[in-house]
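S.K.: below are the sequence and a predicted model for it; my questions follow.
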Amino acid sequence: MNMRDNNDPLIIGGKTFASRLLIGTGKYAADTLIPKIIESSGSRIITVALRRVDFEAETDNVMKHIPDHMQLLPNTSGARDAGEAVRIARLAKAAGCGNWIKIEVIPDNVYLLPDGHETVLATEILAREGFVVLPYIQADLVVARQLVDAGASAVMPLGAPIGTNKGLKTREMLQIIIDEIDLPVIVDAGIGKPSHACEAMEMGADACLVNTAIASSSDPVAMGRAFGQAVEAGRTAFLAGMGPVKKKADASSPLTGFLRH
Amino acid sequence: MRITVNGKPETVDDGASLLDFIHMKNLEPGKVVIELNLEIVDRKNLGDVLLRENDSLEVVKFVGGG
């Protein structure tokens, strides 16, 4: 399901993508759902995480469910400071899955809010090493600007804490980032339903990343399709330009030529 | 000899290479990444790197995530 005519592609790190929906691979009841959700959602960029091998309970290999045409976006989840994020990023690159990295530096286990300062430090180091860096941040313009200077390829501000499905609780601050930052703005975290993603795209976000809302749906394949449609609808609406909001009624039908005159 | 793997003590044969260790654990070399004493080991060198007493390994792989 490519975007209509593909004449409005998403461009990140010099690569062009037909879909503005990024999806995750976490929390699925079965990893065999992943290729079906890629298909139904039309997504072209997908996140994965890196973890220690558990020798006692060897699990399925998530990579075998991800088709070759997908852009892999490994994250640094588990990192609590810049040093750990850099270490995880280098391991992900050594795994042979390209040079893209989503930086997550999260010292807080309750709300999973990212540490902006450490994220900027990690971005500086990794961008210098040639990584395409997409940092997960709070909806904070100051941090976003520091990330531009640090060499980020996009910024990923949160709508609400990870996995909450609460929607765009940071709406005003997201709008400021969208208005002020020239890099692609990908709204990440908190998007709970397609209307949230559509709203972010109507606001002018360049893309959305959705994991929990799809994975925790009772029909993830259908929900993936709904998110793909919502992101596309929101983008089209943004490009079309919203009509003005008015205080008083403004009739849609002509106010002259009534039969009684 | 004794080494540490993902934070836990392990015993491996003297003279074992990283590739031997991977095979011992029934892992596929192409599906894991190894850090030996905080240095990433290039996959093509796994057979050449011999383990030594008190080495510390991190063995990681990709899993689902958001």
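M.R.: Noted; the coordinates are in hand. What you are looking at is a predicted structure, and each value in this text was computed from that prediction instead of being measured.

S.K.: excluding covalently adjacent residues, which one is nearest to residue A:33?
M.R.: Among residues not flanking residue A:33 along the chain, residue A:220 sits closest, at 5.5 Å (CB to CB, 6 or more residues apart in numbering or on different chains). C-betas here are computed from N, CA, C, even on glycine.

S.K.: for that neighbour, what are its contacts?
M.R.: A:28, A:29, A:33, A:37, A:214 (CB atoms under 8 Å, 6 or more residues apart in numbering or on different chains).

S.K.: is it true that residue B:60 lies in a helix?
M.R.: No. Applying DSSP: H, G, I helix; E, B strand; the rest coil, one finds residue B:60 to be strand, outside a helix.

S.K.: ok, it touching residue A:51?
M.R.: Yes. With contact defined as CB atoms under 8 Å, residue B:60 reaches residue A:51; the gap is 6.2 Å.

S.K.: residues contacting the residue in chain B that chain A sits nearest to?
M.R.: Chain B approaches chain A most closely through residue B:65 (2.6 Å), counting by CB to the nearest CB. Residue B:65 makes contact with A:24, A:25, A:26, A:47, A:48, A:49, A:75, A:77, according to CB under 8 Å, 6+ apart.

S.K.: got it, and residue A:172?
M.R.: Residue A:172 touches nothing, counting by CB under 8 Å, 6+ apart.

S.K.: quick check: phi and psi on residue A:158?
M.R.: Reported as degrees, to the nearest 10, the phi and psi values for residue A:158 are phi -90, psi 150.

S.K.: burial check on the residue lying closest to it once chain neighbours are set aside, number of neighbours?
M.R.: Among residues not flanking residue A:158 along the chain, residue A:189 sits closest, at 4.0 Å (CB to CB, 6+ apart). Neighbour count for residue A:189, taken as other CB atoms under 10 Å in any protein chain shown: 28.

S.K.: do residue A:181 as well
M.R.: Using other CB under 10 Å, residue A:181 is surrounded by 19 other residues.

S.K.: that one reaches residue A:141, doesn't it?
M.R.: Yes. Assessed by CB under 8 Å, residue A:181 is found in contact with residue A:141 at 7.5 Å.

S.K.: tell me where chain B has strands.
M.R.: B:2-5, B:8-11, B:33-36, B:39-40, B:56-64 (DSSP state E).

S.K.: output stretch A:213-223 as CSV, nothing but the C-alphas.
M.R.: Only the C-alpha atoms of stretch A:213-223 are listed here, as CSV (Å, rounded to 0.1, in the frame of the first residue of the first chain):
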residue,chain,number,x,y,z
ALA,A,213,-1.4,0.4,19.8
ILE,A,214,-1.1,-2.2,17.0
ALA,A,215,0.4,-5.0,19.1
SER,A,216,-2.2,-4.7,21.9
SER,A,217,-5.2,-4.6,19.5
SER,A,218,-7.3,-7.7,19.3
ASP,A,219,-6.7,-7.7,15.5
PRO,A,220,-3.2,-6.3,15.0
VAL,A,221,-3.3,-6.9,11.2
ALA,A,222,-6.5,-4.9,10.8
MET,A,223,-5.2,-2.2,13.2
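
S.K.: for it, which positions count as buried?
M.R.: Going by neighbour count (16 or more other CB atoms under 10 Å in any protein chain shown), the buried part of stretch A:213-223 is A:213, A:214, A:215, A:217, A:220, A:221, A:223.

S.K.: please name the residues that touch the first one.
M.R.: With contacts taken as CB under 8 Å, 6+ apart, residue A:213 has the following neighbours: A:165, A:191, A:192, A:193, A:196, A:223, A:227.

S.K.: top of those residues by neighbour count?
M.R.: Top of those by neighbour count (other CB under 10 Å): residue A:191, with 31 neighbours.
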